[in-house]
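A.B. asks: using only what follows, build the 3D model:
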Amino acid sequence: MLPRTVHGRTALDRIARATESLRPPFAAVDAVALDANAADLCRRSGGTPVRVAAKSVRTRAVLERVLGPNLTAGSGFRGIMTYSPAEAVWLARLGAQDVLMGYPTVDADSIAEITRDRVLSGRITLMVDDVAHLDIIRAAAGSDRIKPRICIDVDASLRIGPLHLGVRRSPLREPDQVARFAARAKDRGFRVVGIMFYEAQIAGLPDSSVAIELVKRASAAELRTRRGAVVDAVTGVVGDLEFVNSGGTGSLEVSSADPVVTEVTAGSGLFVPTLFDRYKAFAPNPALYFALPVVRTPTRSVATAFGGGYIASGPASKSRVPTPVAVSSAARGLLLGGLKLLRNEGAGEVQTPVAGAGISIGDRIWFRHAKAGEVCERFDALHIVESDGSVTTVPTYRGEGKNFG
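C.D. replies: Predicted coordinates:
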């Protein structure tokens, strides 16, 4: 999938021209595509606020571009979802006022820091789905008088007989079960402020077959009914909730269409990695690329680039490897397409051979990653190319010395 043309020039062409003086390897973002993708996420959510999944960005400057310098609310966006409590603390201390932990944690030190600090405890909501989480939070807080903010993660998978379609997350599923847990949390002094449903079998699966589309429709119908019942059951025991969170980049339309959902989460849709190339609800508009230098040419039809083994998480398969999309040189400009990884070598630890004719030593090969934020763990900086060709270099989490696991 190649980038859209903007003002007669593609995003990658604009990136390649603006970064000619930089020495690869490096990663770059086209600001025009990034801003267009942000606007498209809000359009697709139909007015439901979008919470930014920080794990899919991992660059503070990009979070600030979307949410504003206070990391709290931009046009159509509201709040951050983090994947680590240490990350939540860091962002909250930088000014983020609405931080939702996307996953439970057993990091007692971070929990203690959050619950015992008046500012942090008001800005960060912890995720739970088990009594054990309540025990850990209460022990770390060190006092029964502290009232931590919690969100309950509810299983959003589709179950058909013995089949489990979706990810293995929360053990909480049925309305009565979730309500009993919420009542127990309330009785122990917790503030139940939200519920989350992540329908990975809708958000994370491209529309690659009729069977998958049927599964998505069936899942959306089942979840819409059950989600409403869960919300009713929980509010019946704890009162009104601040939010009901759902969705992902691949399911914004489905999630936001449910009237009980008050916010949706997305992050990958800002950069648009290759895993989001085959969705019928939106046309992919890649914004993030990385460049590797060609260091040798073992044959006329194969060029070897330095580095490149940036494999995405998930099931080990072809879908998790980076995709070469173009080659560029100062003399010839940007040449799109006609490249592929070698089947028996793939993307390597320190070198990546790429099949493609006419590539010379010193050229650079441009790749797209399979996922969004993960590639930022490989680079200290992102080079953001504005519409006028100017380049701003900003640190990634890695560049700021932050490794949240």
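
A.B. asks: ok, the residue nearest to residue 263 when sequence neighbours are not counted to residue 304 distance?
C.D. replies: Of all residues not flanking residue 263 in the chain, residue 49 sits nearest, at 4.8 Å (C-beta to C-beta, 6 or more residues apart in numbering). All C-beta atoms are positioned from the backbone trio N, CA, C, and that covers glycine. Counting by C-beta to C-beta, to the nearest Å, the separation of residue 49 from residue 304 is 47 Å.

A.B. asks: of the two, who's got more company?
C.D. replies: Legend: neighbour count by other C-beta atoms under 10 Å for residue 49 and residue 304, higher for residue 304 (23 against 18).

A.B. asks: ok, the one helix or strand the more buried one maps to: who's next to it in the sheet?
C.D. replies: Under the criterion of DSSP states H and E, residue 304 resides in strand 302-306. The strands that strand 302-306 pairs with in its sheet are strand 288-299 (antiparallel), strand 351-355 (antiparallel) (by DSSP bridges).

A.B. asks: show me which helix runs longest in this protein.
C.D. replies: Ranked by number of residues, the top helix in the chain under DSSP state H is helix 210-238.

A.B. asks: residue 383: what secondary structure?
C.D. replies: Of the three states, residue 383 takes strand according to DSSP: H, G, I helix; E, B strand; the rest coil.

A.B. asks: bridging residues for it?
C.D. replies: When bridges are assigned using DSSP bridges, the partners listed for residue 383 are residue 28, residue 393.

A.B. asks: that one touches residue 30, doesn't it?
C.D. replies: No: checked against C-beta atoms under 8 Å, the pair residue 383 and residue 30 is beyond contact range at 10.1 Å.

A.B. asks: need phi/psi at the residue positioned nearest the centre of the chain.
C.D. replies: Most central residue of the chain, judged by C-alpha distance to the mean C-alpha position with C-alpha atoms, centre = their mean, is residue 56 at 2.8 Å. With angles defined as degrees, to the nearest 10, residue 56 sits at phi -90, psi 0.

A.B. asks: compare the strands paired with strand 302-306 and give me the one nearest residue 206.
C.D. replies: Shortest separation from residue 206 across the strands paired with strand 302-306 is recorded for strand 288-299, at 18.3 Å, computed as C-beta to C-beta.

A.B. asks: what's the distance between the closest one and the middle of its chain?
C.D. replies: Here the centre of mass of C-alpha atoms in strand 288-299, compared against the chain's by C-alpha atoms, centre = their mean, to the nearest Å, lies 27 Å away.

A.B. asks: what do you get for stretch 383-399?
C.D. replies: Distance of stretch 383-399 from its chain centroid, counting by C-alpha atoms, centre = their mean, is 19 Å.

A.B. asks: can you give me the buried ones in that stretch?
C.D. replies: Of the residues in stretch 383-399, those buried by neighbour count under the rule 16 or more other C-beta atoms under 10 Å are 383, 384, 385, 394, 395, 396, 397, 398, 399.

A.B. asks: about what we covered before: skip the chain neighbours and tell me the closest residue to the residue nearest to the centre of the chain.
C.D. replies: Counting by C-beta to C-beta, 6+ apart, the nearest residue to residue 56 once its immediate chain neighbours are dropped is residue 267, at 2.9 Å.

A.B. asks: quick revisit: could the buried residues of stretch 383-399 go into TSV alongside pLDDT?
C.D. replies: Conversion of the buried residues of stretch 383-399 to TSV gives the following (pLDDT from 0 to 100):
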residue	pLDDT
383	98
384	98
385	98
394	98
395	98
396	98
397	98
398	97
399	98
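
A.B. asks: closest one of these to residue 64?
C.D. replies: Out of the buried residues of stretch 383-399, the member with the shortest distance to residue 64 (by C-beta to C-beta) is residue 394, at 9.2 Å.

A.B. asks: which parts of the stretch 251-400 of the chain are strands?
C.D. replies: Ranges of strands in the stretch 251-400 of the chain, per DSSP state E, counting those that start in this stretch, are 263-266, 288-299, 302-306, 323-329, 333-336, 340-341, 351-355, 364-368, 381-385, 391-395.

A.B. asks: mean pLDDT lowest where, among the ones you listed?
C.D. replies: Note on the strands of the stretch 251-400 of the chain: strand 333-336 shows the lowest mean pLDDT, a mean of 88.

A.B. asks: pairing partners for it, with directions?
C.D. replies: In the sheet containing strand 333-336, its partner strands are strand 323-329 (antiparallel), by DSSP bridges.

A.B. asks: could you tell me how many residues sit around residue 381?
C.D. replies: Using other C-beta under 10 Å, residue 381 is surrounded by 20 other residues.

A.B. asks: residue 79 too?
C.D. replies: Residue 79 is surrounded by 23 other residues when neighbours are defined as other C-beta under 10 Å.

A.B. asks: can you tell me which residues contact it?
C.D. replies: With contacts taken as C-beta atoms under 8 Å, 6 or more residues apart in numbering, residue 79 has the following neighbours: 49, 51, 52, 67, 72, 73, 96, 98, 99, 100, 263.
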